[in-house]
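In: Turn this into a structure:
(one chain, ligands or ions: 1)
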Amino acid sequence: MMMPPMMMTIMIALFGLVIGSFLNVVIHRLPLEQSIVRPGSHCPSCGNAVRWQHNVPLLSYLFLRGKCADCGAKIHWRYPMVEFITAVLFLIAFRGSIDIAQFRIWFFIAIGVAITFIDLDHRIIPDELSLGGWAVGLLTAYWDFRNGFGHLALASFVGFGVFFLFATAYEKMTGRVGLGGGDIKFMGTIGVFTGFGGIWSSLMISSLLGVLVGVIVGRLQKNSELLKTSIPYGPFLVVGALIEMLYEVSKWMNV
Ligand SMILES: [Zn+2]
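Out: Purely as a prediction, here's the structure:
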């Protein structure tokens, strides 16, 4: 697809904003088992439907100064932030041509963003995202930009298996659940999209971040009980996998 780079950048940014806007709906409704297509967006405060001109990603938030056009209730800053983050990641992860490999990357970023915020809010990773994502990943693995189908399928099962054994051993030894089932399934998704490189990076970076955040939270709260409550692990896994994936994309671009 030939297009001037400037035009392409704008198109991808807009695409990222629209997907980010949809992810807000997913993040909000999926854990509540609500439909993500109907009804349309409405203000949680006054219940009025959001008119299309007030539903433009990022711009409407700025134009309405973060308030509902009808009742003036504050719109959470996280909505525009999710849109912005998605657009920025879509741009960074662009390999220069639009093909199935590129959509695989964008798809993985999208589920990563959704999982991060759902796990923060509810401490769960819905199967629709982990297993659903895994199925999409496996079906499109043949077209990956760097790893072959066999590598990705194997990485997916090894990632899942290692995490499963790790979680079972931890539970046996401490009598506590360390890693949720959602984390374990999501590891399979990471494998099918990012291969062994992503699995490795995800394990390393997430355990480093996990310890770091655990210590900081422990210091701040000075409450030993809190260390026993689980810190959502999904966001760390996402960060680890995305760092590796974006690094690989940047290497690809420099060839
Ligand atoms: Zn309202």
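In: From here on, just use CA atoms for contacts and neighbour counts.
Out: Fine.
In: A110 touches L23, doesn't it?
Out: Yes - with contacts counted by C-alpha atoms under 8 Å, A110 reaches L23, the gap being 7.2 Å.
In: Pull out the buried residues from the helix or strand hosting E248.
Out: Using DSSP states H and E, E248 sits in helix 234-254. Buried positions in helix 234-254, judged by neighbour count with 16 or more other C-alpha atoms under 10 Å: 234-242, 244-246, 248-249.
In: Stretch 61-77 now?
Out: Here stretch 61-77 shows 61, 66-69, 75 as buried, counting by 16+ other C-alpha under 10 Å.
In: what's the offset of stretch 184-193 from the middle of its chain?
Out: Relative to its chain's centre, stretch 184-193 lies at 12 Å (C-alpha atoms, centre = their mean, to the nearest Å).
In: scratch that, stretch 105-122
Out: Offset of stretch 105-122 from its chain centre (C-alpha atoms, centre = their mean): 2 Å.
In: angle of whichever helix in the chain runs longest against helix 234-254?
Out: Secondary structure of the chain per DSSP state H: the longest helix is helix 181-221. In terms of direction (axes from the mean of the first three to the mean of the last three C-alpha atoms, to 10 degrees), helix 181-221 departs from helix 234-254 by 110 degrees.
In: Counting by contacts, list what helix 181-221 packs against.
Out: helix 100-122, helix 127-139, helix 149-174, helix 224-228, helix 234-254 (3 or more C-alpha pairs under 8 Å, 6 or more residues apart in numbering; DSSP states H and E).
In: With distance to F90 and mean pLDDT added, can I get those helices in TSV?
Out: What follows is the helices and strands packed on helix 181-221, written out as TSV (distance: least, C-alpha to C-alpha, whole Å; pLDDT from 0 to 100):
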stretch	distance to F90	mean pLDDT
helix 100-122	6	97
helix 127-139	17	97
helix 149-174	22	91
helix 224-228	35	54
helix 234-254	10	92
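In: closest one to the ion among those helices?
Out: Taking C-alpha to the ion, helix 100-122 is the member of these nearest to the ion, at 22.3 Å.
In: okay, now Q221: neighbour count?
Out: Neighbours of Q221 under the rule other C-alpha atoms under 10 Å: 12.
In: separation between it and V211?
Out: According to C-alpha to C-alpha, to the nearest Å, Q221 and V211 sit 15 Å apart.
In: Over to R95. Which of the three states is it?
Out: Under DSSP: H, G, I helix; E, B strand; the rest coil, R95 falls in the coil class.
In: the domain parsing of the protein - what is it?
Out: Listed domain ranges for the chain are 1-92, 100-255 (source: automatic domain parsing).
In: Point out the most buried one among those.
Out: domain 100-255 (a mean of 19; mean count of other C-alpha atoms under 10 Å).
In: got a list of what the spatially most central residue of the chain touches?
Out: For the chain, the residue nearest the mean C-alpha position is G112 (1.5 Å; C-alpha atoms, centre = their mean). Applying C-alpha atoms under 8 Å, 6 or more residues apart in numbering to G112 gives the contacts 235, 238.
In: hmm, back to that, for the helix holding E248, list the C-alpha coordinates in PDB.
Out: Taking Å, rounded to 0.1, in the frame of the first residue of the first chain, the C-alpha atoms of helix 234-254 are listed here in PDB:
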ATOM      1  CA  GLY A 234      -1.400  -9.300  34.000                       C
ATOM      2  CA  PRO A 235      -0.100  -5.700  33.500                       C
ATOM      3  CA  PHE A 236       3.500  -6.800  34.200                       C
ATOM      4  CA  LEU A 237       3.200  -9.700  31.700                       C
ATOM      5  CA  VAL A 238       1.800  -7.300  29.100                       C
ATOM      6  CA  VAL A 239       4.700  -4.800  29.600                       C
ATOM      7  CA  GLY A 240       7.300  -7.600  29.300                       C
ATOM      8  CA  ALA A 241       5.800  -9.000  26.100                       C
ATOM      9  CA  LEU A 242       5.300  -5.600  24.500                       C
ATOM     10  CA  ILE A 243       8.800  -4.400  25.200                       C
ATOM     11  CA  GLU A 244      10.200  -7.500  23.500                       C
ATOM     12  CA  MET A 245       7.800  -7.100  20.600                       C
ATOM     13  CA  LEU A 246       8.400  -3.400  20.000                       C
ATOM     14  CA  TYR A 247      12.200  -4.100  20.200                       C
ATOM     15  CA  GLU A 248      11.900  -6.700  17.500                       C
ATOM     16  CA  VAL A 249       9.800  -4.300  15.400                       C
ATOM     17  CA  SER A 250      12.500  -1.600  15.700                       C
ATOM     18  CA  LYS A 251      15.200  -4.100  14.700                       C
ATOM     19  CA  TRP A 252      13.100  -5.100  11.700                       C
ATOM     20  CA  MET A 253      12.800  -1.500  10.700                       C
ATOM     21  CA  ASN A 254      16.600  -0.900  10.700                       C
END
